[in-house]
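Visitor: Kindly generate the corresponding structure for this input.
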Amino acid sequence: MSPQPQAAVGAPLSRVDGRLKVTGQARYAADLPHARTPSPGGVPVPEGVVHAVVVDSSIGRGRITGIDTSAAEALTGILKVISHRNAPTLPYGPNPGSLNLPGERLRVFQDDRVRFHGQPVAVVMATTLEAAQHAASLVKVDYDSETPVTDLSDAPAAGEPRTYARGDAEAALRSAPVRLEMTYRLARNHHNAMELHATVAQWDDGRLTLWDKTQWVASPRDELAANFGIPAESIRVISPFVGGAFGNSARAWPHITIAALAAREVGRPVKLVLTRRQLYFGVGYRPSYEYKVRLGSDRGGRLTAMAHDLRAETSRYETFAERGVVAPGQMLYTTPNVAQTFRTVPLDVNTPTPMRGPGYSTAAFAVESAMDELAAELGIDPIELRQRNEPENDQSSNRPFSTRRLRECYTVGAREFGWNRRNPTPRSTRDGDWLVGTGVATAVYDTLRAPAQARVRLDADGSALVESATSDMGPGTYTSLTQVAADSLGLAVRNVTFRLGDTNLPTAPLHGGSLTMASVGSTVQDGCDKLRQQAIALAVGDSRSPLYGVATEDVVVRGGRLHVTNDPARGETYRQLLTRNERTHLEAMGSWTPTQSRSSMYAYGAVFAEVGVDARLGLVRVRRMLGVFDAGRIISPKLADSQALGAMVGGIGSALLEHTVTDHRDGRIVNADLADYLVPVNADVPELKAIYVDGRDDEADPLGVKGLGEVVLVGVAPAIANAVFHATGRRVRDLPISAEALL
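Guide: Numbering: from 1, shown residues only. Okay, the predicted model is just below:
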């Protein structure tokens, strides 16, 4: 069969939902109710919506000894105040399918225990938001408080550590001609997406509809089914637009249960929107880490051993342990002897969660900084050192790499960045008062895939509707999957509509981990291919069609018109075909399930950074950055650039600005707002550029993609840190890098 012509995939298209967003027509969870327009998902706008405001604990550990709600309840418009004193007992059944962790998830208003500062202790419902906010401020809570433990450096680990070993790392370290030992520390980071977490909950005769900010509509559905003891089929979750998430909307957090409980208790739809401050303890975050690296090498820079000892914070009631934090140390470089120990440290905090580049970005800072320290110790160019330790296969699994174009990433990046103009001596380059340095780091992230389904419908007017219960938190899922569908169906992009974000649609996996394009994209292509073949079979079997009798493999579709591959004049449109056959539509269900691969599948990158450091003040400014990525086939170059450049901005934040500050006396987060928790602004964002090396990974999935959204962040912070060392001659092993550390 001749290949189907491609027109949309690979084209730098603008977002198909862009106009809706810039004109304010895109509807987010907190936008409901909104008069005179239909709500997302086609469900009628809920009427009589009331507002809920959560009351947070003011201690970090202890028990509630009393709650006085009389002043709050005396206000006009107050409907009810719920706390553990009057809340109904909820079943909280098992729910292994919605990203819940080992331990016991937080059960709202089910007991008097306070586990962390900011834990929900009550919720106020009122007819107006202002009344609910005022009433919440009047709820008086008394506590029997204890001193919380919130400092990772002072707390002991618990439970059995996760370990990995190959060879004899300790013996190899003892005998290594060159040995280095370093400890790196990474501060806690919060996601701080633009959209606040919001939920509107409405019960109707035992059925629950939820409009929610979520990266995975199945997650709140399954969580609420377990928490309330009702069938998942009785819950519909709708989330057509997500205003950024970076990982913290993948899991169903306690406020979602609170909203549903409040709506059931007052018998009216309830809207609950967390404040910016509440995002710092109401949902997850990237945990703080201590990462000790010991490495050994020969005098030529070839690694002989690496030992990794990690400690990471988690809550006491659940254990969060990132999978990806151990992978780079196992497979990134040729190292015959490796030992890893990963311990979690239970603290009196809320539970962490994945944040963009989860685990891998943490490991990259330690591993890539350590490689830079080794290069400096030996006087070897940092790129050359990495090239000397490039593996032939994945030593952690003994499997071949499906594709690994990391050498090409470094070659292209060094040329485009002008690496050869670099004076290798630290503190050797100045620009007035600024010390100038350049650094480089490797990025890696595994290629995740999951089963998915999609429904495709082609109407008689020649337009198509494609549906799947995936999400779009910003990378452009609407657009990229429309591109895949358009090419598979042979339609113009403007004639394809993609629907997502609704549990009534065919099932899709979590929108995260860079798995959406591989998983849902392959599913969409499958469904569209099936539908196109239906249309071709209908045409070649129709004696009235110009294509009658033509072999199906000799027919292609382009621009909504079926024609013979080598005879474009012989054909007809979808519209002509369906109208003549009195068909209102054709429909197909696509599905794709990844098979077990015999190869090691990862996306890679080489990140280059140039920084200036004020020689007197210690201020660090990124001057320019370049990322070169091996991410398989690029479906949408414009969206890829949006992801890559946005990730560089996020990496600048992690490297230089972002740091959650906790008062360890009571567990309070001191800088729980965007005035004091610093994120990059325009003045922090310099010249940024991304390049993608050619090549697809056909072992990974039918589209040949490897995932892009995570890997583009992973190498940014270590590249900046390495550039700071080159500029100043001073190695900073703690993130974020502060001016104080450089003075």
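
Visitor: show me what contacts residue 516?
Guide: Residues counted as contacts of residue 516 (CB atoms under 8 Å, 6 or more residues apart in numbering) are 470, 471, 475, 477, 508, 509. C-beta: built from backbone N, CA, C; applies to glycine.

Visitor: So among those residues, which ones count as buried?
Guide: 470, 471, 475, 477, 508, 509 (16 or more other CB atoms under 10 Å).

Visitor: Could I get the residues you listed in JSON lines, plus columns for secondary structure, distance to residue 659 and pLDDT?
Guide: Compiled in JSON lines, the buried ones among the contacts of residue 516 are given as follows (DSSP: H, G, I helix; E, B strand; the rest coil; distance: CB to CB, whole Å; pLDDT from 0 to 100):
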{"residue": "470", "secondary structure": "coil", "distance to residue 659": "33", "pLDDT": "98"}
{"residue": "471", "secondary structure": "coil", "distance to residue 659": "29", "pLDDT": "98"}
{"residue": "475", "secondary structure": "coil", "distance to residue 659": "26", "pLDDT": "95"}
{"residue": "477", "secondary structure": "helix", "distance to residue 659": "31", "pLDDT": "98"}
{"residue": "508", "secondary structure": "coil", "distance to residue 659": "35", "pLDDT": "98"}
{"residue": "509", "secondary structure": "coil", "distance to residue 659": "33", "pLDDT": "97"}
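
Visitor: Turn the contacts of residue 516 into CSV, including distance to residue 379.
Guide: Shown next, in CSV, are those (distance: CB to CB, whole Å):
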residue, distance to residue 379
470, 50
471, 49
475, 41
477, 47
508, 51
509, 47
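
Visitor: Looking at those residues, which is nearest residue 106?
Guide: When the contacts of residue 516 are compared for distance to residue 106 (CB to CB), residue 471 comes out closest, at 23.5 Å.

Visitor: Which residue, neighbours along the chain excluded, lies closest to that closest one?
Guide: Distance criterion CB to CB, 6 or more residues apart in numbering; nearest residue to residue 471, sequence neighbours excluded, is residue 511 at 3.7 Å.

Visitor: so the one you found is in which element?
Guide: For residue 511, there is no enclosing helix or strand under DSSP states H and E.

Visitor: Neighbours of it, how many?
Guide: 29 (other CB atoms under 10 Å).

Visitor: phi, psi of it?
Guide: Main-chain dihedrals, residue 511, degrees, to the nearest 10: phi -90, psi 90.

Visitor: and if you look at residue 463?
Guide: Per degrees, to the nearest 10, the backbone of residue 463 is at phi -100, psi 160.

Visitor: Likewise for residue 52?
Guide: According to degrees, to the nearest 10, residue 52 has phi -120, psi 140.

Visitor: thought it was touching residue 262?
Guide: Yes. Residue 52 lies in contact with residue 262 (CB atoms under 8 Å); the separation is 4.7 Å.

Visitor: shared neighbours, those two?
Guide: 123, 125, 270, 272.

Visitor: Beyond the helix or strand harbouring the last one, next helix or strand please.
Guide: Read it as residue 272. Under the criterion of DSSP H and E, residue 272 resides in strand 270-273. Helices and strands here follow DSSP H and E; after strand 270-273, the next one along the chain is helix 279-282.

Visitor: which other residues reach that next one?
Guide: Contacts for helix 279-282 (CB under 8 Å, 6+ apart): 54, 56, 116-120, 190-192, 196-197, 248, 253-255, 274, 349-350, 660, 669, 672, 677.

Visitor: Rebuild the shared contacts of residue 52 and residue 262 as JSON lines, extending it with pLDDT and distance to residue 387.
Guide: Output for these, formatted as JSON lines (pLDDT from 0 to 100; distance: CB to CB, whole Å):
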{"residue": "123", "pLDDT": "98", "distance to residue 387": "58"}
{"residue": "125", "pLDDT": "98", "distance to residue 387": "62"}
{"residue": "270", "pLDDT": "97", "distance to residue 387": "59"}
{"residue": "272", "pLDDT": "98", "distance to residue 387": "53"}
